[in-house]
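Peer 1: structure of the sequence below:
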Amino acid sequence: MIAKTISLLLPALLPSWRFFKTVAASPRVELRVDAGDWQEARPIPERVGLARMARRLVWNPRRNEQLYMVSLSERLAEDGRDHARAELERLVRAGLTGGERFQFRLVFLQREGTQIVKFIDYESPVLPVAEHVS
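Peer 2: Here you go, the predicted structure:
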């Protein structure tokens, strides 16, 4: 019984990289509000203090949401799933603090020789910031 429990817990405690089909660049989600400049949606902070880093080891819902956005972006880029698009729209909208309209897009960065080239895979239509509830 204990051996079975340990065998179930080990993969969660010591993850394996073998579950990835391929290792490739993930799309980044960018947004713009009211036709302004494009910026990264939910950017990761450049610096994190030691206490905050320790706390994040056990509680980091913001990072989990960012990983969910990456997963949705990959699905949308792969086959254009409506659910992924709708969820990304909802998450991007939830992170906005102002404005009337917004757009989001999926961007891949590729290395071509010595340069990094930005490739836009998907760009949403212009959407209202406030959701219409009927």
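Peer 1: neighbours around Val33, how many?
Peer 2: 16 (other Cβ atoms under 10 Å). C-betas here are computed from N, CA, C, even on glycine.
Peer 1: hmm, it is touching Gly95, no?
Peer 2: No. Judged on Cβ atoms under 8 Å, Val33 makes no contact with Gly95 at a distance of 10.6 Å.
Peer 1: for the chain, longest strand please?
Peer 2: Using DSSP state E, we find that the single longest strand of the chain is strand 101-112.
Peer 1: and that one, which strands flank it?
Peer 2: Applying DSSP bridges to the sheet, strand 101-112 is found paired with strand 28-33 (antiparallel), strand 115-123 (antiparallel), strand 127-128 (antiparallel).
Peer 1: and it, average pLDDT?
Peer 2: Averaged over strand 101-112, pLDDT sits at 93.
Peer 1: so which bits of it are buried?
Peer 2: The neighbour-count check on strand 101-112 (16 or more other Cβ atoms under 10 Å) flags Phe102, Gln103, Phe104, Arg105, Leu106, Val107, Phe108 as buried.
Peer 1: likewise for stretch 63-82?
Peer 2: By neighbour count with 16+ other Cβ under 10 Å, stretch 63-82 contains the buried residues Gln66, Met69, Leu72, Ser73, Arg75, Leu76, Ala77.
Peer 1: now do stretch 35-51
Peer 2: For stretch 35-51, by 16+ other Cβ under 10 Å, it's Ala41.
Peer 1: residue contacts, Val48?
Peer 2: By Cβ atoms under 8 Å, 6 or more residues apart in numbering, the contact set of Val48 is Arg56.
Peer 1: so how far is Gln39 from it?
Peer 2: According to Cβ to Cβ, to the nearest Å, Val48 stands 20 Å off from Gln39.
Peer 1: still on that earlier bit, and the longest strand of the chain, how far out from the chain middle?
Peer 2: Distance of strand 101-112 from its chain centroid, counting by Cα atoms, centre = their mean, to the nearest Å, is 12 Å.
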